[in-house]
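Colleague: here is my input, please return the structure:
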Amino acid sequence: MSVIVFHCPACNREIKTTDKFAGRRARCPQCAAAVTVPNAPGTADTTLAESSLLPPVPAPLGTAGSTSPAAAVDRPQWKGTPPPAIVPTAEHDSHDDDYYDDDEEMAPLVSSKSAQHEDLIDMTAMVDIVFFLLIFFLTTSLTSLQAVMDLPTPQSATEKRGSRSIGEIQTDSETLIVKIQDDNSILVDDEEVYSDHDLRTKIRTAVSSAGGTPLSLVVIGNADANHGTAVRVFDAGAAAGVGSISLLVQDDTDAD
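Modeller: This is a model prediction of the structure:
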């Protein structure tokens with residue numbers, strides 16, 4: 001298959017095509033003008049080949065008075081008015097005109113790149129974002145375990161049968177008293193502790209010395225102490241395994 005190179009007669013653009021389009025009509029890819037693709041180099045002209053196959057035209061008869069047979073053949077003699085001269089006319093090929101005017105038949109030899117491009121939406125980036133958000137929420141939505149401790153509800157004024165004074169509580173061997181001062185310092189049996197480890201150790205030692213008897217933990221906190229300090233004492237008592245935990249809030253006036 002050879003390549004045919006020619007120029008558009010309208011815009012003078014160089015057009016390249018294959019020999020399968022030789023002799024066919026098409027449109028220029030730049031100006032859309034109708035062009036005829038020439039034959040490939042080295043191919044015989046079909047017009048000359050067809051004209052060589054036409055039968056020979058017979059020579060007219062010679063005129064009277066001619067001496068040579070050739071003159072008689074070349075110069076015919078007409079009697080009366082000579083017939084009108086025949087003017088050759090161009091033949092009208094309706095099929096060729098239809099093919100020439102048909103836009104669908106004359107497709108461009110070189111298809112433009114814009115015609116092959118289709119508008120598409122790339123969803124790859126959006127899918128990646130969805131997966132990133134899914135992983136983010138899966139890793140950040142971890143449920144945290146909350147420590148829950150049951151505290152006794154306060155009794156009403158009419159229910160005072162089981163109430164005891166602070167002096168009675170301090171003398172009870174089954175009761176461990178932990179005091180919280182106004183500066184958030186912690187005292188276990190009137191001995192100050194400085195860390196959570198020491199607090200758990202002292203409460204665990206008191207539970208062990210009780211000899212298996214359930215030990216009651218009474219937390220006496222100052223009204224100016226922080227709530228977080230009381231929670232630290234509650235956690236230490238629960239970890240040591242005390243029987244019950246009570247909370248008493250004491251003002252400075254009550255201590256006096």
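Colleague: all the strands of the protein, in order from the start?
Modeller: Along the chain, counting by DSSP state E, strands occupy 3-7, 14-18, 25-27, 34-36, 175-180, 186-188, 191-193, 216-222, 244-250.
Colleague: kindly state which of the ones you listed is positioned closest to T140.
Modeller: Distance to T140, taken as Cβ to Cβ, is lowest for strand 244-250 among those, at 34.5 Å. For glycine as for every other residue, the C-beta is placed from the backbone atoms N, C-alpha and C.
Colleague: on that earlier part again, and the strands of the chain as a markdown table, adding distance to G228, mean neighbour count and mean pLDDT?
Modeller: Formatted as a markdown table, the strands of the chain follow (distance: least, Cβ to Cβ, whole Å; neighbours: other Cβ atoms under 10 Å; pLDDT from 0 to 100):
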| stretch | distance to G228 | mean neighbour count | mean pLDDT |
| --- | --- | --- | --- |
| strand 3-7 | 89 | 13 | 83 |
| strand 14-18 | 86 | 14 | 84 |
| strand 25-27 | 87 | 17 | 83 |
| strand 34-36 | 92 | 17 | 84 |
| strand 175-180 | 11 | 22 | 86 |
| strand 186-188 | 12 | 20 | 88 |
| strand 191-193 | 16 | 13 | 87 |
| strand 216-222 | 11 | 21 | 85 |
| strand 244-250 | 14 | 15 | 82 |
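Colleague: residues touching R24, list them.
Modeller: With contacts defined as Cβ atoms under 8 Å, 6 or more residues apart in numbering, R24 is in contact with 36-37.
Colleague: what's the distance between it and N222?
Modeller: 107 Å (Cβ to Cβ, to the nearest Å).
Colleague: next one: D122
Modeller: Taking Cβ to Cβ, one finds D122 at 67 Å from N222.
Colleague: shaky segments in the stretch 1-150 of the chain?
Modeller: Applying pLDDT under 70 to the stretch 1-150 of the chain picks out residues 1, 42-117, 142-150.
Colleague: if we go to 50?
Modeller: 45-54, 62-73, 89-104 (pLDDT under 50).
Colleague: now do the stretch 151-256 of the chain
Modeller: Judged by pLDDT under 50, the stretches of the stretch 151-256 of the chain that qualify are 155-161.
Colleague: domain ranges for this structure?
Modeller: 1-46+93-109, 166-255 (automatic domain parsing).
Colleague: which residue sits closest to C11, ignoring its sequence neighbours?
Modeller: Leaving out its chain neighbours, the residue that sits closest to C11 by Cβ to Cβ, 6 or more residues apart in numbering is C31, at 4.3 Å.
Colleague: now do the same contact list for the one you found.
Modeller: 8, 10-11, 13.
Colleague: sorry, back to before: let's have the strands of the chain in a markdown table, adding distance to G237.
Modeller: Output for these, formatted as a markdown table (distance: least, Cβ to Cβ, whole Å):
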| stretch | distance to G237 |
| --- | --- |
| strand 3-7 | 97 |
| strand 14-18 | 95 |
| strand 25-27 | 96 |
| strand 34-36 | 101 |
| strand 175-180 | 8 |
| strand 186-188 | 11 |
| strand 191-193 | 13 |
| strand 216-222 | 4 |
| strand 244-250 | 5 |
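Colleague: all set, thanks.
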